[in-house]
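Asker: need a structure here:
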Amino acid sequence: MDASEREELYNGIRNFREKEVTIGLTEEEVNALARLLKQAEADMKQSVNIQVDYNEKQQQAPVTVEAIRQVTFIESPVKQKLIERIMKKEQLIYYELHVPERTDLQSYGWSYRFTLEVKKFIEEVGLGDKWSTLLPAAMEMSPLHILDKEEMEWLNLLPDPNWCLRVFGEVPDLEILAKKHSEEMHESILWLKEQWEEGYQIYIDCTELNYIQID
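Answerer: As a prediction, this is how the structure comes out:
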């Protein structure tokens, strides 16, 4: 497998995972993803002689649930060399996410497997059509001090916490149902509600799904 084929393979897996965690996969797409995962396993075996269950590694991958509030973005242009200015090359600009206090950034840890369980739970209680808006997922997010313009604009579009609370309020027994599901689900639902009540906007960062640790 050459470099371009490998890039196409892993981009394909990433695209299926993105759809899986947002709107879900059809049966045909589930099978297509399974084939790509097997190809990735074969590639690892051939290229670095490592046998790995790539699907299981991704299922175990950490997902960070990020909560942010009172956010502003500070432009940070990359310094250009003289020759670059003479040639009128476009100047790179990064954005630094700034908050007044450290407590304005909070996070909670899930696995990718549990993230899909939360998605399924939200669907089962009747909020499936709001899932991808309620908890937007980023498949790859830069560190918050070097965001690109697209990432900055994406973060600016996170849903209003009051709207998110109203959506959860559509299910009166939500906490009871979460408790029946599992303690982990109950704690997660409570955490989400608490953050929204405190004015945080929330998103799911699945970046680690792209950087699987091979033992």
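Asker: what comes up buried for the longest helix seen in the chain?
Answerer: Secondary structure assigned by DSSP state H gives helix 27-48 as the longest helix of the chain. For helix 27-48, the neighbour count (16 or more other CB atoms under 10 Å) marks 33, 36-37, 39-41, 43-44 as buried. To be clear about C-beta, it is placed using only N, CA and C from the backbone, and glycine gets the same treatment.
Asker: Quick check: the farthest pair among the residues you listed?
Answerer: L33 and M44 (16.6 Å; CB to CB).
Asker: and E5, what is it in contact with?
Answerer: Shown in contact with E5 (CB atoms under 8 Å, 6 or more residues apart in numbering): no residues.
Asker: Tell me where the chain has helices.
Answerer: 3-22, 27-48, 54-60, 82-86, 112-122, 131-134, 149-156, 161-169, 174-181, 183-197.
Asker: Now do the shortest one: everything it contacts.
Answerer: Contacts made with helix 131-134 from outside it, assessed by CB under 8 Å, 6+ apart, are listed as 22-23, 119, 122-123, 127, 159, 164, 167.
Asker: Save these as a markdown table, and put in distance to C206, neighbour count and pLDDT too.
Answerer: Putting the contacts of helix 131-134 into a markdown table (distance: CB to CB, whole Å; neighbours: other CB atoms under 10 Å; pLDDT from 0 to 100) gives the following:
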| residue | distance to C206 | neighbour count | pLDDT |
| --- | --- | --- | --- |
| T22 | 10 | 16 | 96 |
| I23 | 15 | 12 | 94 |
| K119 | 12 | 22 | 98 |
| I122 | 16 | 22 | 97 |
| E123 | 18 | 14 | 97 |
| L127 | 20 | 16 | 96 |
| P159 | 18 | 17 | 97 |
| C164 | 19 | 23 | 98 |
| V167 | 21 | 18 | 97 |
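Asker: and of those, the nearest to S107?
Answerer: C164 (16.8 Å).
Asker: one step back: any idea which of the helices of the chain is most buried?
Answerer: Counting by mean count of other CB atoms under 10 Å, helix 112-122 has the highest mean neighbour count of those, with a mean of 19.
Asker: Run the chain-centre distance for that helix.
Answerer: How far helix 112-122 lies from its chain's middle: 13 Å, per CA atoms, centre = their mean, to the nearest Å.
Asker: In the chain, where is pLDDT below threshold?
Answerer: 77-91, 213-215 (pLDDT under 70).
Asker: Domain map for it?
Answerer: 3-59, 61-210 (automatic domain parsing).
Asker: check contacts around G109.
Answerer: 62-65.
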